[in-house]
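S.K.: take this sequence and fold it.
(one chain, ligands or ions: 2)
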Amino acid sequence: MTEVHMDLLFSRERIATEIARLAGRIDEEYAGREILLVSVLKGSLLFTADLLRALKTPAAVDFVRLASYGSDTQSSGIVEFRYNLETPIRNRDVIIVEDIVDSGYTLEALYNKLLMQEPRSLKICTLIDKRARREVAIEADYVGISMEDGFIVGYGLDFDEKYRQLADIYLVKPEETSLP
Ligand code: IMP
Ligand code: MG
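M.R.: Ligands and ions are numbered 1, 2, ... in the order given. From the prediction side, this is the model:
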């Protein structure tokens, strides 16, 4: 099924270990409270499901759908809201659950939009923090794995809607993605 060349980068075991660690930190910091996870579709699908199962803190979940990518591998900087929250977040303890932060445009747009709805607290949890191409000053509060650069697929992350179903995360060869 492999149509582009890819190398294993983060194994399912590594991902599970980092998620257990993140859930542990969140459980500690939100002890005695209830949280609302705002999952950013579609890439965070698997991460959200696994994080949710690893948390002991009572957690509700809702979804937003944002897009700043076509089939390209670089952010356009224009973030489109395609699907919004159903849950009122005023006075709630909210954690945004992202698959990956790259330029930061997507997260910044969502963060500011949610902040205007006056949650009690608003934090960001990302599975992957890709550092090299950050263009806005936004930092996740909870980071699973940091990496410098490179286009990755698997565990929810896609390339042109493919490979989300892979259980591990793979690095795609640059010449196959039109990366600079
Ligand atoms: P940003 O707005 O540039 O931070 O882009 C964030 C979004 O771009 C993520 O939520 C992903 O959907 C997508 N993205 C960024 N880097 C990658 C990657 O390496 N693989 C797959 N999707 C990515
Ligand atoms: Mg995403």
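
S.K.: spell out which parts of this structure neighbour ligand 2.
M.R.: V40, G43, D99 (CB under 5 Å from the ion). Glycine gets a C-beta too; all of them are placed from N, C-alpha and C.

S.K.: recalculate using a threshold of 8 Å.
M.R.: V40, L41, K42, G43, S44, L66, E98, D99, I100, T106, L157 (CB under 8 Å from the ion).

S.K.: keep only those that also lie close to ligand 1.
M.R.: G43, E98, D99, I100, T106, L157 (CB under 6 Å from any ligand atom).

S.K.: coming back round to it: now that we have the residues of the chain next to ligand 2, can you turn them into TSV and tack on neighbour count?
M.R.: What follows is those, written out as TSV (neighbours: other CB atoms under 10 Å):
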residue	neighbour count
V40	22
L41	16
K42	17
G43	22
S44	25
L66	22
E98	25
D99	26
I100	22
T106	24
L157	24
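
S.K.: widest-spaced pair of the residues you listed?
M.R.: L66 and L157 (14.6 Å; CB to CB).

S.K.: how close does D129 get to ligand 2?
M.R.: As judged by CB to the ion, to the nearest Å, D129 and ligand 2 stand 13 Å apart.

S.K.: now the helix or strand encompassing that residue: mean pLDDT?
M.R.: Taking DSSP states H and E as the definition, one finds D129 inside strand 121-130. For strand 121-130, mean pLDDT rounds to 98.

S.K.: who does that strand pair up with?
M.R.: The pairing partners recorded for strand 121-130 under DSSP bridges are strand 93-101 (parallel), strand 142-147 (parallel).

S.K.: which of the ones you listed sits most buried?
M.R.: strand 93-101 (a mean of 23; mean count of other CB atoms under 10 Å).

S.K.: contacts for that one next, please.
M.R.: 26, 30, 33-40, 43-44, 47-48, 51, 106-107, 110-111, 114, 119-130, 134, 138, 140, 142, 152, 155-157 (CB atoms under 8 Å, 6 or more residues apart in numbering).

S.K.: next secondary structure after it?
M.R.: Next helix or strand after strand 93-101 toward the C-terminus (DSSP H and E): helix 105-115.

S.K.: name the residues of that following helix that come out as buried.
M.R.: Buried residues in helix 105-115, counted by 16 or more other CB atoms under 10 Å: Y105, T106, L107, E108, A109, L110, Y111, L114.

S.K.: before we move on, what about stretch 83-92?
M.R.: For stretch 83-92, by 16+ other CB under 10 Å, it's L85, I89, R92.
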